[in-house]
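Chemist: okay, structure incoming, though there's no sequence with it:
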């Protein structure tokens, strides 16, 4: 009797183990590798891969909202592109004593545009924003025109600027997705990137024997491994706003939250999620042969993908017109990469041995 019971138990255990192993084998891959959902405490949020511009996550991302000093991301990139960083900016009356955060500029005080941009981005100086705007734009109103012009060029459909500092004003707003796109654009500028990743900046002080020492308000630079930007913001109406960026394993992400009482933690969680589930993957490499054609790829294409998307990439080769200038310069076509029916990038193709194939990948 006892032997029969033991035999039955052994048989039952074997069946159970086999059932579990079978269940593991037949579990759909997309179920096993599904990307978990993510939430924040923000009224609006977004996460973007900087190199590709792909928005990896968005919640109320296209909703226009007050953005406080996140405005200064636009202020900085417009000033860098339209101004001379070596110019001496003279502090006008309109900038002196500007309400809110300040670097305490005095009337007539002069500082290079480059240094004043550090005061703008590290200490969020509203006085610096006004001084920069009047210097670069000829007037604050002229500079705001440049800001809106840049927003239009970048396709920021849910953004409207009324001032260069972000103090609450009717008609002054942006969205989480727009700010993500703007940041991805701006941080590719070497001067902008240098400024926003700086933790402490010393600048000559014309009033005393010691230099100004501006400490960056962005705590993410110390809290998160690989953090390299970007900007904090706060007003009573917008509440806490934050744009942060970080780089790991050659991939840079930027996170945005608007009206978020737990932004430091939310940004750490968003960035971790992005790096883990949407790593930057090499889809094709320079020099690879184009299947079915006597051509090779003229560049390397990388894109952030979650695991199950890799097999969904499709390619489309468009051959160059032999009478075109591109053809005369050696290009034989363009290989497009598509995901979900949308083109996500392209690489030119050349004949083997073309000098362009020996250039830096």
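Modeler: Structure's in. What do you need? These numbers were taken from a predicted model, which means no experiment stands behind them.

Chemist: which element follows the lowest-mean-pLDDT helix or strand in the chain toward the C-terminus?
Modeler: When each helix and strand of the chain is scored by mean pLDDT, DSSP states H and E, helix 29-32 comes last, with a mean of 32. Heading C-terminal from helix 29-32, the first helix or strand you meet, by DSSP states H and E, is strand 44-49.

Chemist: tell me the strands beside that following strand, with direction?
Modeler: Here strand 44-49 is paired, per DSSP bridges, with strand 55-59 (antiparallel), strand 251-258 (antiparallel).

Chemist: where exactly do the helices run in the stretch 201-350 of the chain?
Modeler: In the stretch 201-350 of the chain, the segments counted as helices under DSSP state H, counting those that start in this stretch are 220-223, 263-277, 325-328.

Chemist: next, the buried residues of the second one.
Modeler: The one in question is helix 263-277. 263-264, 266-268, 270-275, 277 (16 or more other CB atoms under 10 Å). No exception for glycine: its C-beta is placed from N, CA and C like everyone else's.

Chemist: same deal with stretch 324-342?
Modeler: Within stretch 324-342, judged by 16+ other CB under 10 Å, the buried ones are 331-337, 339.

Chemist: straight-line length of it, end to end?
Modeler: For stretch 324-342, the first-to-last residue distance is 26 Å (CA to CA, to the nearest Å).

Chemist: what mean pLDDT does that stretch have?
Modeler: Averaged over stretch 324-342, pLDDT sits at 95.

Chemist: check what contacts stretch 177-187 and list those residues.
Modeler: Outside stretch 177-187, the residues that touch it by CB atoms under 8 Å, 6 or more residues apart in numbering are 46-50, 53, 55, 58, 61-62, 67, 70, 73-74, 76-77, 151, 154-159, 174, 192-193, 196, 228-230, 243, 245, 252, 254-256, 258.

Chemist: counting neighbours, which of those residues end up buried?
Modeler: Buried among the contacts of stretch 177-187 by 16+ other CB under 10 Å: 46-50, 55, 58, 61, 67, 70, 73-74, 76-77, 151, 154, 156, 158-159, 174, 192-193, 196, 228-230, 243, 245, 252, 254-256, 258.

Chemist: re earlier: which members of the buried residues of stretch 324-342 occur in strands, if any?
Modeler: Mapping the buried residues of stretch 324-342 onto strands (DSSP state E) picks out 331-337, 339.

Chemist: tell me the bridge partners for the nearest residue to residue 211 once chain neighbours are set aside.
Modeler: Spatial nearest neighbour of residue 211, excluding adjacent residues (CB to CB, 6 or more residues apart in numbering): residue 202 at 4.4 Å. Following DSSP bridges, residue 202 is listed with bridge partners residue 213.

Chemist: that'll do, ta.
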